[in-house]
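>>> 3D, please:
(one chain, ligands or ions: 1)
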Amino acid sequence: MIHRVLILGGTTEARQLAERLAGRVEFAVMLSLAGRTANPVDHPVPVRSGGFGGVEGLANYLKEQEIALLIDATHPYAARISANAAQAAGEAGVKILALRRPAWRRQPYDRWTLVADAEAAVAALGTHPRKVFLALGRQELVPFEAAPQHSYLIRSVDPVEPPLGVPNADYILARGPFAEDAEKALLVDRRIDAIVAKNSGGTATYGKIAAARTLGIEVILFRRPVLPPVETAETVDDAMAAIDHWLASERGV
Ligand code: NAP
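Below is the predicted model:
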């Protein structure tokens, strides 16, 4: 029997999990992307793109496509889709598993300021002009227009259109992973004195956090959002183990 699996993606781990499941004959896997990125990386399984239309839309999709297992492998800050996934899985009677990276933990010499959101990050930067590295998504940048006294270095996967309405902003287009040495060179070269980022977890974007620690640079970090309490794996290996466990119980083994 083939089990139909829907992976909610947009992360490296979602792609890696899709790769692992693609090689298994017991599964037919579909990966879902929000459709935000103009040129998403290639995936080893069929991909659908765009929102489902809230909880109801996702619940209907799960039923229509006869999905047996929903895997929420979205980014830890994609709280809306994770909440929708938990609710829709409940409504459709579908097994759900979340794959979520654990948050980074503060280390000695880290200079972290924890904030709720971009508005709070703007307040934390203060009134004195600073050189700020914004490692945020395009959607979170607009509040920084309220603080035009700072110089900004903005790194994103897709171009920031329209550009930020501030007099001093430089843009870098890049997709991780980012190595610590290169991050350190960038921070020194641009004379950055504050970083604003999310506590994404994992290794791909940790380089800037480690580099900031060495250089004594303040990191203003968004607190993690509250996510629904569903069964959760922290790594792709753990997710595969949980999936095999579920498969065995489905087969009554
Ligand atoms: P969000 O605020 O939690 O979701 C907003 C809406 O986008 C959802 O209600 C849903 O629309 C749609 N959506 C989100 N993820 C989807 C997916 N994988 N497949 C289909 N529809 C999806 O999400 P977000 O923070 O904007 O993130 C969007 C995507 O970017 C996610 O796939 C996430 O994994 C990825 N991402 C996010 C971040 C971040 O920092 N937030 C960072 C890296 C990657 P409907 O209600 O219409 O279904």
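
>>> Where does Ala242 sit: helix, strand or coil?
Taking DSSP: H, G, I helix; E, B strand; the rest coil as the rule, one finds Ala242 in the helix state.

>>> Can you read off the pLDDT for it?
In this prediction, Ala242 carries a pLDDT score of 98.

>>> residues near it, how many?
The burial count assigned to Ala242 is 19, neighbours taken as other CB atoms under 10 Å. (Each C-beta comes from the backbone N, C-alpha and C, glycine too.)

>>> Likewise for the one 10 residues further on?
Other residues lying near Gly252 total 5 when counted by other CB under 10 Å.

>>> Also Ala135?
Residues near Ala135, counting by other CB under 10 Å, number 21.

>>> Then His75?
What His75 shows, counting by other CB under 10 Å, is a neighbour count of 21.

>>> before we move on, what about Glu66?
A count of neighbours around Glu66, defined by other CB under 10 Å, yields 10.

>>> So it sits against Val5, correct?
No. Glu66 is not in contact with Val5 according to CB atoms under 8 Å; the separation is 11.0 Å.

>>> quick one: the helices in the stretch 151-253 of the chain?
Listed from the start of the chain, the stretch 151-253 of the chain has helices (DSSP state H, counting those that start in this stretch) covering 180-189, 207-215, 236-250.

>>> Ok, which of those comes nearest Ala78?
Taking CB to CB as the criterion, helix 236-250 is the member of the helices of the stretch 151-253 of the chain that comes nearest to Ala78, at 16.8 Å.

>>> residues in contact with whichever residue of the stretch 51-200 of the chain sits closest to the ligand?
Ranking the residues of the stretch 51-200 of the chain by distance to the ligand (CB to the nearest ligand atom) places Gly51 first, at 2.3 Å. Applying CB atoms under 8 Å, 6 or more residues apart in numbering to Gly51 gives the contacts 34-35, 57.

>>> could you redo those as CSV and give each row distance to the ligand and secondary structure?
As requested, the contacts of Gly51 are arranged in CSV below (distance: CB to the nearest ligand atom, whole Å; DSSP: H, G, I helix; E, B strand; the rest coil):
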residue, distance to the ligand, secondary structure
Ala34, 4, coil
Gly35, 7, coil
Gly57, 6, helix
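
>>> out of these, who has the most neighbours?
Within the contacts of Gly51, neighbour counts (other CB under 10 Å) peak at Ala34, which reaches 17 neighbours.
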